[in-house]
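Participant: predicted model follows, preceded by the sequence.
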Amino acid sequence: MFFAKLHPLLVHFPMALLVSGTLFELFGKLQHEEAIVQAGRFNIRFGFWSALPVIGVGAMGARSLDITPKFKDFLVSHMLLAFLTAGLFAALLILNRFRTRLWANLFYYLCLVLGLAGILATGFYGGELVHRFDLPAGGIATNPGG
């Protein structure tokens, strides 16, 4: 249960880095501001590498939950979207090396926009797990008497 409670505390940092990095990079590209593009790429790299341990903590936390049919679909969707989104950002890091080619540049920006949508969708399902289904506490008050 420790990892299930730790995951929601840690996940916001890499999410913020990935969202801000994506927005910086898109804005910088539209405005032709190379410094903003570079800041976005830094945030994306840092966000991706910091997301990997958070995904691991989330996977270990999911193993400690008593998974009921009530929230199983939300948990599966959350985990599937998290892995797909991480895969998209891994593809971004690889594609960044081939950005001089037109196909790679187009695919890079497609993955960037899909990655942003993936973060938002993953966050939606994670928020539903915490707020609608009261996970990771599972209905147990986390602050008894308070």
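Facilitator: Received, thanks.
Participant: poorly predicted segments of the protein, please.
Facilitator: Residues of the chain that meet the criterion pLDDT under 70 lie in 137-146.
Participant: can you pull out the helices in the protein?
Facilitator: Counting by DSSP state H, the chain has these helices, from start to end: 2-10, 12-31, 34-63, 72-95, 102-131.
Participant: including mean neighbour count, could those helices go into CSV?
Facilitator: C-beta here means a position set from N, CA and C on the backbone, and glycine is covered the same way. Formatted as CSV, those follow (neighbours: other CB atoms under 10 Å):
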stretch, mean neighbour count
helix 2-10, 16
helix 12-31, 18
helix 34-63, 17
helix 72-95, 17
helix 102-131, 16
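Participant: how about L84, what does it touch?
Facilitator: When the contact criterion is CB atoms under 8 Å, 6 or more residues apart in numbering, the partners of L84 are G118.
Participant: again, but for H7
Facilitator: Applying CB under 8 Å, 6+ apart, one finds that H7 lies in contact with V54, V57, G58, G61, P136.
Participant: and those residues, which is closest to A90?
Facilitator: Comparing the contacts of H7 against A90 with CB to CB places V54 closest, at 14.7 Å.
Participant: and the closest one, what is it in contact with?
Facilitator: When the contact criterion is CB under 8 Å, 6+ apart, the partners of V54 are H7, L10, V11, F13, P14.
Participant: ok, those residues vs N105, which is closest?
Facilitator: After measuring these against N105 - CB to CB - the closest member comes out as P14, at 25.0 Å.
Participant: alpha carbons of stretch 27-45, as CSV, please.
Facilitator: Only the C-alpha atoms of stretch 27-45 are listed here, as CSV (Å, rounded to 0.1, in the frame of the first residue of the first chain):
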residue,chain,number,x,y,z
PHE,A,27,5.1,27.8,-28.8
GLY,A,28,8.8,28.3,-29.5
LYS,A,29,8.5,26.6,-32.9
LEU,A,30,5.5,28.8,-33.8
GLN,A,31,7.3,32.0,-32.7
HIS,A,32,10.7,31.0,-34.1
GLU,A,33,12.3,31.3,-30.6
GLU,A,34,15.1,28.8,-30.4
ALA,A,35,15.7,29.4,-26.7
ILE,A,36,12.1,28.4,-25.9
VAL,A,37,12.3,25.3,-28.1
GLN,A,38,15.5,24.3,-26.2
ALA,A,39,13.9,24.9,-22.9
GLY,A,40,11.0,22.7,-24.0
ARG,A,41,13.3,19.9,-25.1
PHE,A,42,15.1,20.0,-21.8
ASN,A,43,11.8,19.7,-19.9
ILE,A,44,10.7,16.8,-22.1
ARG,A,45,13.9,14.9,-21.5
